[in-house]
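> here is the input, now give the coordinates:
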Amino acid sequence: MDRKQLQAFVLLARELHFGRTAEQLNLTGPALGRLIRALETEIGTPLLTRTTRRADLTPAGRVFLPEAQAILARMGSAISLARRTASGHAGRLRLGYLGAANLHLLPRLWRHMSAAHPDIHIEATELCTPDQRQALLDGELDAGLMALPVWHDRLSAQPLTRIPLLAALPTTHALAGRAHLNLRELADEEWLTCTPHLSTPPPEQVQALYQTFGLRPRIRAVAGTESAVVGRVAAGQGVTLVPLTLVNPQQEGVAFIPLEDGITLDVGLVTCRDADNPALGALLDSLATLDRA
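Next up, the predicted model:
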């Protein structure tokens, strides 16, 4: 049973005339007859009765007609969806994001994608930068909004935004009362980072910051989320950097102090250089639109 047979049957069921149906299908009468007979043979029962003047549906043909119409509609929809997916106008996009992007960048991106590309379904998952990177390399994500830099030959990064970072110190710390700090003043501190890292800069980003200043940080991972790290800071176990978008002024035991160095959490869209999901083009277009807004 193929599409051409079903189309011929549905049209013949409407016209109930072999000649008119064959003309509309640009077929000869015998060719149309062969299509219908092949369909009836596969089904195992006649679908039409034939006379010299007209054709009529059999009871089997009457119940088969709506099903054939539905099959043709589904086939048309499937063909259209496949073509739209191949052209990047439909499909599924698996997107990772870090917590700091969730309060500003991700909602704007999601709204624009929903309006401009409603047939692209985004599956967004909050993951730390290292986990996003591994998921990209394993083919489990198509793109990730993550902290930069990301050091891997297979990955390509497009910078998107910079979020100011504040130093988070225990309120008992000797520098906790300062209005501003610079990174060198914290060179001897133990820096806490998450596992998973979420929005606290993971070791790659902390190391990149310190390399800029010629320093070597002491880093200790804390199991849990960014809030768990801030809780350890409140307990006096170390210091950390917190993106401005995630600072909680109600947090007890922690002083959030701006850094004079102008240090930021750089967030970008990271993809694999060999990525083959056509929907990535729509995502990049939306990001470009957001940049111009």
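> doesn't Gly281 belong to a helix?
Yes - according to DSSP: H, G, I helix; E, B strand; the rest coil, Gly281 belongs to a helix.
> now do it: how many residues are near it, please.
Using other CB atoms under 10 Å, Gly281 is surrounded by 13 other residues. For glycine as for every other residue, the C-beta is placed from the backbone atoms N, C-alpha and C.
> which ones are touching the nearest residue to it once chain neighbours are set aside?
Counting by CB to CB, 6 or more residues apart in numbering, Gly281 lies nearest to Gly88, which is 4.3 Å off, once chain neighbours are set aside. Each residue near Gly88 by CB atoms under 8 Å, 6 or more residues apart in numbering is listed here: Pro278, Ala279, Leu280, Gly281, Ala282.
> what pLDDT does the model give Gly88?
Looking at Gly88, its pLDDT stands at 80.
> before we move on, what about Leu198?
52.
> likewise Gly224?
67.
> Ala55 now?
87.
> please spell out the ChimeraX selection for the buried subset of the contacts of Gly88.
In ChimeraX, a selection of the buried entries from these looks like this (16 or more other CB atoms under 10 Å):
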select :278,279,280,282
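> out of the contacts of Gly88, which one sits closest to Leu241?
Comparing these against Leu241 with CB to CB places Leu280 closest, at 30.4 Å.
> would you check that Ile219 makes contact with Trp191?
Yes - the pair Ile219 and Trp191 qualifies as a contact (CB atoms under 8 Å) at a distance of 5.0 Å.
> and those two? Which one has more around it.
Trp191 (22 against 17).
> coming back round to it: ok, the contacts of Gly88 vs Leu246, which is closest?
Once CB to CB is applied, the member of the contacts of Gly88 that ends up nearest Leu246 is Leu280, at 27.6 Å.
> quick one: residues contacting the closest one.
Counted by CB under 8 Å, 6+ apart, Leu280 has contacts Gly88, Leu93, Asp142, Ala143, Thr271.
> now Tyr97
Counting by CB under 8 Å, 6+ apart, Tyr97 has contacts Leu106, Ala124, Thr125, Glu126, Leu127, Gln132, Gly144, Leu145, Met146.
> show me the strands in the stretch 51-200 of the chain, by range?
With strands called from DSSP state E, counting those that start in this stretch, the stretch 51-200 of the chain shows them at 55-57, 91-97, 120-126, 143-147, 155-170, 190-195.
> low pLDDT regions in the chain?
Applying pLDDT under 70 to the chain flags residues 52, 195-207, 224-225, 291-293.
> on that earlier part again, dump the contacts of Leu280 to TSV, plus distance to Leu241.
Shown next, in TSV, are these (distance: CB to CB, whole Å):
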residue	distance to Leu241
Gly88	37
Leu93	30
Asp142	29
Ala143	25
Thr271	26
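> hmm, back to that, and of the contacts of Tyr97, the nearest to Thr289?
Among those, and counting by CB to CB, the member closest to Thr289 is Leu106, at 15.0 Å.
> you'd agree that closest one is up against Ala124?
Yes - counting by CB under 8 Å, Leu106 touches Ala124, with 6.9 Å between them.
> among the contacts of Tyr97, who's most crowded?
Counting neighbours by other CB under 10 Å, Met146 leads those with 30 neighbours.
> mind listing what that residue touches?
Contacts of Met146 (CB under 8 Å, 6+ apart): Gly96, Tyr97, Leu98, Thr129, Gln132, Arg133, Val267, Gly268, Val270.
> quick check: closest non-adjacent residue to it.
Thr129 is the one closest to Met146 (CB to CB, 6+ apart), at 4.2 Å.
> how about Leu109?
Leu109 sits nearest to Ser286 (CB to CB, 6+ apart), 6.0 Å away.
> would you mind measuring from the one you found to Ile122?
10 Å (CB to CB, to the nearest Å).
> check Leu11 too.
Taking CB to CB, one finds Leu11 at 40 Å from Ile122.
> of the two, which one has the most company?
Ile122 (18 against 15).
> what residues are up against the residue nearest to the more buried one when sequence neighbours are not counted?
For Ile122, ignoring the flanking residues on the chain, the nearest one in space by CB to CB, 6+ apart is Leu93 at 5.0 Å. Under the criterion of CB under 8 Å, 6+ apart, the neighbours of Leu93 are Ile120, His121, Ile122, Glu123, Asp142, Ala143, Asn277, Ala279, Leu280, Ala282, Leu283.
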